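Colleague: Just a sequence and a predicted model for now, questions to come.
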Amino acid sequence: MRVTVGVSGGIAAYKAAELVRALQKQGAEVHVVMTAAAQKFIQPLTFASLTGHQVLTSLWDDYWSAETTDQNGIQHISEAQWTEALVVAPATANILAKFAHGIADDFLTTLYLATRAPVLVAPAMNVNMWEHAATQDNLELLRERGVRVIDPGAGALACGMMGLGRMAEPEAIADAVLSALGRRHDLAGEIVLVTAGGTREALDPVRFIGNRSSGKMGYALAEAAVSRGARVILVSGPTALHPPAHCEVIKVTTADQMRHAVIEHMVEATLVIKAAAVADYRPVHVSDQKLKRTGPMTLELAPTEDILAEVVRRRRPGQLIIGFAAETQDKLENGRAKLLNKGADAIVVNAVTGDGVGIEADSNAATFLTLQTAIELPLMPKRSLADRIFDEVLTLRRPKALLVEFGESGDEKAKQDAVLKASSAGDAATEADEVLISSAAGSRRQLIVE
Ligand code: CTP
């Protein structure tokens with residue numbers, strides 16, 4: 001994995017050193033590019049020592065140097081071709097503005113324009129600068145163009161103010177880079193059944209009742225799951241898309257065919273994601289011959305089976321079931337009602353507004369709804385949204401709380417050992433409530449670890 005870390009001028013620049021280390025720990029070879037402002041905060045020598053490579057600081061440094069390995073100052077082009085992911089951390093308001101408007105006046109900004117690799121930015125700035133409409137508009141533009149924005153966190157800022165603007169943690173940024181490179185294998189061992197596209201219900205040999213679903217969201221989910229190590233079964237209605245590589249694809253046309261395929265294959269699935277836009281009604285009579293125009297016509301329709309509800313009824317223990325909801329009004333209210341009615345573990349609700357977002361479009365925004373939470377997933381390309389959905393799905397796999405017994409006494413050492421054991425088993429055992437359980441056999445203590 002070849003990653004270029006761009007460092008722009010903010011106090012969080014020192015954290016870029018931790019990011020370099022985190023990426024190296026994952027096996028990445030890292031180059032560092034610094035803006036002039038970044039060099040006011042941290043010396044290039046720090047990054048040169050960490051990476052073992054010259055730090056790229058200017059378009060002109062080696063222009064006439066005999067030692068330069070690249071000719072005639074076109075190093076930004078060779079770097080653009082070398083890199084597999086460009087991540088800018090910290091990304092200042094200035095660098096975001098330059099990226100958004102195509103200003104290319106130093107190494108980092110020319111590299112950004114010249115590379116075809118995925119680009120990630122981890123903004124860090126004062127809360128007012130972050131909230132300023134200019135910054136938010138620039139971010140929106142960048143997101144639309146496929147740049148992955150790793151949102152800053154809230155807290156005390158270097159300027160003394162409180163609020164949003166703290167750069168995301170280096171580990172989280174490294175994780176996002178791995179994800180962008182398709183090197184995250186956190187779905188290894190999962191068998192993911194994805195449904196995609198719309199279904200068609202025939203009226204006669206040439207006509208059908210269908211919908212505008214393009215299948216893009218479902219295909220993005222299938223592709224993301226494959227790249228994160230899952231075995232994927234894709235049940236797809238008719239679409240114009242090429243199926244992603246390494247998926248088992250089952251092509252269907254009608255809601256009933258989709259139902260059969262899903263019921264047959266859900267037996268082996270560990271995770272079912274129902275992104276398909278399934279027809280709710282089908283014509284009661286299907287004509288063998290092309291229907292002739294004979295004046296006004298009334299169609300009699302019968303409801304189709306609700307596949308998602310049936311999947312929930314047939315679920316095996318441990319199987320996760322995620323539905324989608326396309327809503328034109330009262331998005332959250334309707335989404336919540338579907339979550340309850342259908343009994344899925346989560347529903348991904350998206351508003352169908354018809355203004356180039358959602359159905360048929362390349363980008364979408366959604367809310368990941370569970371009984372306890374409503375996570376907003378802002379407008380982004382569907383492939384990025386697919387990854388964000390899997391991030392949230394994986395949180396459902398983590399135990400929310402677990403009991404750890406640690407014996408009779410109130411022995412602090414035993415308690416600490418129990419918490420440590422829980423953490424090393426993968427549970428974030430940071431806080432623990434102690435519960436005293438009295439029984440005839442004596443009293444025992446348990447920890448509830450969140
Ligand atoms: N769904 C399904 N079978 C159907 C209809 C929908 O499995 N016959 C699934 C979809 O794949 C989606 C979820 O149910 O995951 C919600 O689909 P949506 O069309 O938003 O809702 P409906 O259940 O059809 O309800 P309504 O159209 O009344 O909003």
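Modeller: Looks like it arrived, so ask away.

Colleague: nearest residue to the residue positioned nearest the centre of the chain other than its sequence neighbours?
Modeller: In the chain, the residue lying closest to the centroid (C-alpha atoms, centre = their mean) is Arg388, at 1.9 Å. Once flanking residues are discounted, Arg388 sits nearest to Leu377: 5.0 Å by C-beta to C-beta, 6 or more residues apart in numbering. In short, each C-beta sits where N, CA and C put it, glycine included.

Colleague: quick one: which helix or strand includes that neighbour?
Modeller: Element membership of Leu377 [criterion: DSSP states H and E] is strand 374-381.

Colleague: Just the mean pLDDT for the next helix or strand after that strand, thanks.
Modeller: Later in the chain than strand 374-381, the nearest helix or strand by DSSP H and E is helix 382-397. Average pLDDT, helix 382-397: 90.

Colleague: What helices and strands are in contact with helix 382-397?
Modeller: Secondary-structure packing of helix 382-397 (3 or more C-beta pairs under 8 Å, 6 or more residues apart in numbering; DSSP states H and E): helix 216-227, strand 271-274, strand 320-327, strand 346-351, strand 363-369, strand 374-381.

Colleague: lowest-confidence helix or strand of the protein?
Modeller: Ranked by mean pLDDT, DSSP states H and E, the weakest helix or strand in the chain is strand 432-439, scoring a mean of 42.

Colleague: Given the strand holding Leu377, what are its sheet partners and their directions?
Modeller: Applying DSSP bridges to the sheet, strand 374-381 is found paired with strand 363-369 (antiparallel).

Colleague: Contact partners for Phe390?
Modeller: Applying C-beta atoms under 8 Å, 6 or more residues apart in numbering to Phe390 gives the contacts Asp186, Leu187, Leu221, Ala224, Ala225, Arg228.

Colleague: how about 6 Å then?
Modeller: Neighbouring residues of Phe390 by C-beta atoms under 6 Å, 6 or more residues apart in numbering: Ala224.

Colleague: what's in contact with the strand holding Leu377?
Modeller: Residues outside strand 374-381 that contact it (C-beta under 6 Å, 6+ apart): Arg143, Gly146, Asp362, Ser363, Ala365, Ala366, Thr367, Phe368, Leu385, Arg388, Glu392.

Colleague: Keeping just the C-alphas, turn it into CSV.
Modeller: In CSV, the C-alpha atoms belonging to strand 374-381 read as follows (Å, rounded to 0.1, in the frame of the first residue of the first chain):
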residue,chain,number,x,y,z
ALA,A,374,-30.5,7.4,14.4
ILE,A,375,-27.1,8.0,12.7
GLU,A,376,-27.1,10.6,10.0
LEU,A,377,-25.0,9.7,7.0
PRO,A,378,-24.6,12.9,5.0
LEU,A,379,-24.7,13.1,1.2
MET,A,380,-21.8,11.1,-0.3
PRO,A,381,-21.1,8.8,-3.3
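
Colleague: If anything else comes up later, I'll come back, but that's it for now.
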